[in-house]
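Visitor: sequence first, then the predicted structure, then my questions.
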Amino acid sequence: MADLVSHPDEVKVVSKRFGQGAVNIDRYLELDGYKAVQKALTMQPDEIINLVKNSGLRGRGGAGFNTGLKWSFVPKQSAKPKYILCNGDESEPGTCKDRLIFEHDPHAIIEGVMIAGLAVGAQTGYIYVRGEYRYLLEIVQKAIADAYAKGFLGKNIFDSGKTFDIYWHGGAGAYEVGEESALMESLEGKRGIPRIRPPFPAVVGLWGGPTVINNAETLASVPHILLGGAEWYANLGSPKNGGTRLFCLSGNLNKPGVYELPMGYSLKKMIYEVGGGIPNGRKLKGVVPGGSSVAILTADEVNADVAMDFDAMLKAGSMLGSGGVVVLDDTACIVNFALRTIKFYKHESCGWCIPCREGTDWLQKTLIRFHSGGGVKKDIDNMYYLAENMLGRTFCPLGDAAAMPVIAFVKKFRQEFEDHLDGKPCPFAKHSGAQQSPVMA
Amino acid sequence: MKFSDKFEKRFTEMLAHYPTPRSVLVPTLLYAQDEVGYLSDEVIAELANRLSLTELDVRNVISYYSMLTTKPRGKFNVQVCTNIACMLRGGEELMEHCEQKLGIGNKGTTADGVFTLEEVECIGACSWAPAVQVNYDFHENLTPAKLDKVLDECRKRIG
Ligand SMILES: Cc1cc2nc3c(=O)[nH]c(=O)nc-3n(C[C@H](O)[C@H](O)[C@H](O)COP(=O)(O)O)c2cc1C
Ligand code: FES
């Protein structure tokens, strides 16, 4: 459904089968499908884990944790069953990539779940798809059924004597459920309230059993690593950041879209070349480089050229996050953008812990008043102070996700906040997104 | 309480997928809502009974998930994303346009029960913004004129 784009700098690994009809299991088989899991069946669990570890694959859900290392935390012996849980809750504003994998290559996710299962000794996997993605849930349901029909799932898979089952699961609208411990609560039929850690899911997860939780793109990358090798995958990216990643380019760009680029690709090139630059002769104001939770980078910071990998982004004071790259031109009002961002976190906060519940509420109240001309000078410092005090003090990282962008907006665009003081109308009010951005046909 | 055969088949199948029956709750609530239109007292009582939960337990879960509703909605739920990527490309203007055209505000339903309007958070269509979901269908790269066409089609479908 969603349009595909392409650019010569792309290196297609996860997106290799997009547009190739691979939802059909026979077509998927023609395109090297289910070869990786058969290879995994000939390997020792530790061999699989080391291969994935050495490939430098890091979690595509946001935190960027080394995937092989995460798998190695699962205890070898466990009285309770172990589980693999694929996180397809994709709800971080700016992020729309897992959707394409589910739509075009669902069997790659199934294969990734199976390989993860073989690596940690699990026999059951769940694929959780957000409730809004109903058409994708139907694709996943069919893909699982087709895999069972071929005997790829169930008992004695590929004559190995091993059993592996995969089940689908649908959400019903909640960003917070994307957080791994809330995801497990949701799958167990409860409100998505996060769990305290430790114990970590790798030790105590679903129904108390050791559980590996990975993002859909992470899991879809695994079969390619098994077939291509750790070295090949690692060399596609930058040091300690193996492979490629789906970057979701959005906002004020000439050619928004989801592009697969090597880890460490230049952010500047991503915007001016891959994304086709800023429309209507406008100038770049800033980029939110990793979904709405991360600190904005100013045009100067972007133009100084930063590499899009986990470590370089952290060094630049932001985060690579979820792969959502949101571009703002100089007609965008940062105060209004901050307000929209915080409205989201206020809405999605599960209310379980006070700093997050009250913090997001106060930030929203202040920003609403501030943007409509009722701001006073000390609001600016108060918002900053409030956000700083949320950091690291919440039960799960949703509080951080709300605080980090606010801190950056205030710190980097203080002048814009001051321009809204003394009852002045929003200086950007006459420019609206609708008038300024060309909408693609 | 009668659900469709498809619903019942799926429900039975799902129960076998988990060690605890309660795990089927969230997806089942959404499927039930799709059939009945909303989560009525009757639906809640029925599912609570089937899963050996209290009605309060079920209501607690319902109130957490944004797609679940205990109030009837219009036939077409028009969900306009105004989150950041859509906002930068006219999402807020689309929302205003819908409010004017349909004569209702956020979460309102037209008097004829055809449309409900809802401002929603990111629906995963950021690279094709601005985007709107009508029930489960995505409509992307929208302008007010294109959205008008979508809404007119909806009206035609109910004749
Ligand atoms: C509030 C919040 C929302 C999250 N949403 C998602 C999500 O929608 N999808 C996802 O894969 N990870 C999400 N994460 C990250 C998960 O907690 C988890 O780290 C991830 O699924 C692990 O997979 P990975 O190692 O493959 O990245 C979220 C985290 C937080 C704190
Ligand atoms: S921000 Fe509107 S779909 Fe993501």
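Guide: Perfect, I can see it now. Ligands and ions are numbered 1, 2, ... in the order given.
Visitor: going forward, measure contacts between C-alpha atoms and count neighbours the same way
Guide: Will do.
Visitor: so what's residue 116 closest to, chain neighbours aside?
Guide: Because you didn't say which chain, this covers chain A. Leaving aside its sequence neighbours, residue A:116 sits nearest to residue A:84 (C-alpha to C-alpha, 6 or more residues apart in numbering or on different chains; 7.0 Å).
Visitor: try chain B instead
Guide: Closest to residue B:116 by C-alpha to C-alpha, 6+ apart is residue B:109, at 4.2 Å.
Visitor: so where does residue 39 fall, helix or strand?
Guide: Picked chain A for this. helix A:35-41 (DSSP states H and E).
Visitor: chain B is the one I meant
Guide: Going by DSSP H and E, residue B:39 is not in any helix or strand.
Visitor: and if you look at residue B:57?
Guide: helix B:55-62.
Visitor: counting by contacts, list what that helix packs against.
Guide: helix B:41-50 (3 or more C-alpha pairs under 8 Å, 6 or more residues apart in numbering or on different chains; DSSP states H and E).
Visitor: and the helix it packs on, which residues are buried?
Guide: B:43-45, B:47-48 (16 or more other C-alpha atoms under 10 Å in any protein chain shown).
Visitor: now stretch A:354-363
Guide: A:355-363.
Visitor: cool, and stretch A:46-54?
Guide: Quick answer for stretch A:46-54 (16+ other C-alpha under 10 Å): A:48-54.
Visitor: now do stretch A:362-374
Guide: A:362-364, A:366-368, A:370-374.
Visitor: just the mean pLDDT for stretch A:405-416, thanks.
Guide: Stretch A:405-416 shows a mean pLDDT of 98.
Visitor: now for residue A:46: which residues touch it?
Guide: Residues counted as contacts of residue A:46 (C-alpha atoms under 8 Å, 6 or more residues apart in numbering or on different chains) are residue A:119.
Visitor: check the offset of whatever helix or strand it lives in from the chain's centre.
Guide: Assigned by DSSP H and E, residue A:46 belongs to helix A:45-54. The chain centre lies 23 Å from the centre of helix A:45-54; the measure is C-alpha atoms, centre = their mean, to the nearest Å.
Visitor: following element in sequence after it, please.
Guide: Following helix A:45-54 toward the C-terminus (DSSP H and E): helix A:67-72.
Visitor: list the contacts of that next one.
Guide: A:49-54, A:56-59, A:116, A:119-120, A:202, A:212, A:218.
Visitor: can we see that at 7 Å?
Guide: A:49-50, A:52-53, A:57-59, A:120, A:212 (C-alpha atoms under 7 Å, 6 or more residues apart in numbering or on different chains).
Visitor: among the buried residues of stretch A:362-374, which two are most distant?
Guide: Pairwise distances across these (C-alpha to C-alpha) peak at 16.8 Å, for the pair A:362 and A:373.
Visitor: can you map out the strands along chain B?
Guide: Secondary structure of chain B (DSSP state E): strands located at B:76-81, B:115-120, B:132-134, B:137-139.
Visitor: any chance of those in JSON lines, with distance to ligand 1 and mean neighbour count too?
Guide: Shown next, in JSON lines, are these (distance: least, C-alpha to the nearest ligand atom, whole Å; neighbours: other C-alpha atoms under 10 Å in any protein chain shown):
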{"stretch": "strand B:76-81", "distance to ligand 1": "17", "mean neighbour count": "24"}
{"stretch": "strand B:115-120", "distance to ligand 1": "16", "mean neighbour count": "22"}
{"stretch": "strand B:132-134", "distance to ligand 1": "19", "mean neighbour count": "24"}
{"stretch": "strand B:137-139", "distance to ligand 1": "19", "mean neighbour count": "18"}
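Visitor: which stretches of chain B form helices?
Guide: Along chain B, counting by DSSP state H, helices occupy B:5-15, B:25-36, B:41-50, B:55-62, B:84-87, B:91-102, B:144-158.
Visitor: list the buried ones in the second one?
Guide: Yep, that's helix B:25-36 we're talking about. Buried residues in helix B:25-36 (16+ other C-alpha under 10 Å): B:25-33.
Visitor: neighbours of residue B:92, how many?
Guide: Residues lying near residue B:92 (other C-alpha atoms under 10 Å in any protein chain shown) number 22.
Visitor: so what's it up against?
Guide: Residue B:92 neighbours (C-alpha under 7 Å, 6+ apart): residue B:82.
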